[in-house]
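S.K.: Following is a predicted model, sequence given first.
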Amino acid sequence: MNKFYLYMLVFILVFVSIAQGSLAAENEVPWKDKWKKYFTDEEIKEYEAYWNKIKDEISVDTSRIQEDRLIFNLPVLRNDLKYKIIGNMEPKDFYDGQGGPNITLKYEHSNIATEITIIHKEKNIILFFKTFIFVDGQMIFTSEDIEEYWNYGRTLDDTLFEKPFPNPFSDIDNHWAKDNILNAAKTGYINGFPDGTFRPDEHMTREQYIKTILEYQRIKNYERYNTGITTQTFQDVPFSRWSHQYIEAAVQLGIIKPEEHPNHTFEPNKPITRAEMIVWEIRSYGSKLEKTVFSENTREKIEGTEKLFSDIEGIKEQYYIEYAAFSGMIEGFGDGTFRPYENATRAQIVTILE
């Protein structure tokens, strides 16, 4: 098992904390400053009291751990809250609901870090979490505090939680993106080719990229996508095409906007451009982030800085690219350009994701 399972929730919560405010002190409601925009002080106190009442009832049964199963026993939540838990073995092994006894998910049994998150349904905010770490079937750590969890994870000996990850690719040893490629491969949202290569400088098609970012969000951020869609939005993406479910899911999630594709075609086999790469990546985080890109506050901050790139002024993707650069997601080239309409390479794509 690699470090990803240990640090998965940390990534989510750190990402959210950047958008919502600094992490709270121990035993406080996380992101309380942000909460004040949604809840009254009395409601916040009510949630704190509710969490203190139920948190000790949340437990994990390891009696079937040798069968690669964990059994979660979760007190049933009030109607405005829900649990989100993801297993680490299968894409569809995911729990999203109100709770109850004997909820079973598939986990690799050797070493496990599992996180239980509680989400506010309407606001879509992570309110609480509880984590458990097991080694060889024995629980060695549990916490409800993000900083404690992070600090504990950082002190673990790497050899305890993972075997060295061998480089599975024959063509990246001297490549500038080697570390990012290996991290992506370990995480599991992108693969190489049957001949043992990764082909880092090859281009990625639109359909390949859509699958990649959906898998990235599923694995990293617990964001499921619908695999049972029966609609057909584009005439060149029929039900029989391997990417149909991914493209339709992306349409449903607002990543792909049909009105931006004339003649009801998507051109799935067309190489993705660097501009499209950024736009779809940002949209994959949801409509709230996309609104942030265009908000007056964001535009004022960006326009108050030095010009980010010399070749994006006036293009339709300008605001997305500027936001990505301003937030540290991307860098351009040494000559001050971004080259938005060049085709993106596989190495560039895993680098912005990592």
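M.R.: Great, that's in hand. Numbers count the residues shown, from 1 in each chain.
S.K.: Is K307 located within a helix, as I assumed?
M.R.: No - judged by DSSP: H, G, I helix; E, B strand; the rest coil, K307 forms no part of a helix; its state is coil.
S.K.: Need the pLDDT of it.
M.R.: K307 carries a pLDDT value of 78.
S.K.: now do L289
M.R.: pLDDT recorded at L289 is 87.
S.K.: ditto for Y189
M.R.: Looking at Y189, its pLDDT reads 85.
S.K.: check contacts around it.
M.R.: Residues in contact with Y189 (Cβ atoms under 8 Å, 6 or more residues apart in numbering) are T212, E215, Y216, R218, I219, K220, L353. C-beta: built from backbone N, CA, C; applies to glycine.
S.K.: Poorly predicted segments of the stretch 51-200 of the chain, please.
M.R.: For the stretch 51-200 of the chain, the stretches flagged by pLDDT under 70 are 88-92, 109-112, 135-137, 145-165.
S.K.: the strands in it, which residues?
M.R.: Along the stretch 51-200 of the chain, counting by DSSP state E, counting those that start in this stretch, strands occupy 59-61, 69-74, 81-86, 94-97, 100-106, 111-120, 125-135, 138-143.
S.K.: What pairs with the second one, parallel or antiparallel?
M.R.: Right, strand 69-74. Taking DSSP bridges as the criterion, strand 69-74 sits next to strand 59-61 (antiparallel), strand 100-106 (antiparallel) in its sheet.
S.K.: Now do the buried residues in it.
M.R.: Across strand 69-74, burial judged by 16 or more other Cβ atoms under 10 Å covers R69, L70, I71, F72, L74.
S.K.: if we can go back for a sec, using a markdown table, lay out the strands of the stretch 51-200 of the chain together with distance to S284.
M.R.: As requested, these are arranged in a markdown table below (distance: least, Cβ to Cβ, whole Å):
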| stretch | distance to S284 |
| --- | --- |
| strand 59-61 | 30 |
| strand 69-74 | 28 |
| strand 81-86 | 17 |
| strand 94-97 | 17 |
| strand 100-106 | 24 |
| strand 111-120 | 18 |
| strand 125-135 | 18 |
| strand 138-143 | 29 |
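S.K.: Of all these, which one comes closest to H264?
M.R.: H264 sits nearest to strand 94-97 of all those, at 32.3 Å, using Cβ to Cβ.
S.K.: how about the contacts of Y189 in a markdown table, adding secondary structure?
M.R.: Shown next, in a markdown table, are the contacts of Y189 (three-state DSSP):
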| residue | secondary structure |
| --- | --- |
| T212 | helix |
| E215 | helix |
| Y216 | helix |
| R218 | helix |
| I219 | helix |
| K220 | helix |
| L353 | helix |
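S.K.: follow-up on the earlier one: closest one to I44 out of the buried residues of strand 69-74, please.
M.R.: Looking across those and measuring by Cβ to Cβ, the closest to I44 is L74, at 22.6 Å.
S.K.: my guess is the closest one meets N102, correct?
M.R.: No - when contacts are counted by Cβ atoms under 8 Å, L74 is not listed as touching N102 (9.7 Å).
S.K.: I125 versus F39, what's the distance?
M.R.: 10 Å (Cβ to Cβ, to the nearest Å).
S.K.: next one: A113
M.R.: 23 Å.
S.K.: What of D311?
M.R.: As judged by Cβ to Cβ, D311 and I125 stand 38 Å apart.
S.K.: And for G254?
M.R.: 19 Å.
S.K.: Of the two, which one has the most company?
M.R.: Per other Cβ atoms under 10 Å, whichever of G254 and I125 has more neighbours is I125, with 17 against 12.
S.K.: quick one on the thing from earlier: from the buried residues of strand 69-74, which is closest to R299?
M.R.: Nearest to R299 out of those is L74 (Cβ to Cβ; 42.9 Å).
S.K.: which residues of the stretch 201-350 of the chain fall in helices?
M.R.: Remark: helices assigned in the stretch 201-350 of the chain by DSSP state H, counting those that start in this stretch are 206-221, 244-253, 274-283, 287-294, 296-303, 318-326, 346-353.
S.K.: Can you redo these as a markdown table, where the extra columns are mean neighbour count and distance to G188?
M.R.: Shown next, in a markdown table, are those (neighbours: other Cβ atoms under 10 Å; distance: least, Cβ to Cβ, whole Å):
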| stretch | mean neighbour count | distance to G188 |
| --- | --- | --- |
| helix 206-221 | 21 | 6 |
| helix 244-253 | 21 | 16 |
| helix 274-283 | 22 | 18 |
| helix 287-294 | 14 | 24 |
| helix 296-303 | 12 | 32 |
| helix 318-326 | 21 | 24 |
| helix 346-353 | 22 | 12 |
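S.K.: Now the terminal residues of stretch 304-322, how far apart.
M.R.: Taking Cα to Cα, to the nearest Å, stretch 304-322 runs 12 Å from one end to the other.
S.K.: Please apply the same query to stretch 333-345.
M.R.: OK, stretch 333-345 end separation, Cα to Cα: 14 Å.
S.K.: now swap in stretch 43-62 and tell me
M.R.: In stretch 43-62, first residue to last residue: 35 Å (Cα to Cα).
S.K.: contacting residues around the closest residue to I255 other than its chain neighbours?
M.R.: The shortest distance from I255 to any non-neighbouring residue, by Cβ to Cβ, 6 or more residues apart in numbering, is to R283 (4.5 Å). For R283, the contacting residues are L253, G254, I255, L289, E290, by Cβ under 8 Å, 6+ apart.
S.K.: thinking the fourth one is in contact with I282, fair?
M.R.: Put plainly, it is L289. Yes - with contact defined as Cβ under 8 Å, L289 and I282 form a contacting pair (5.9 Å).
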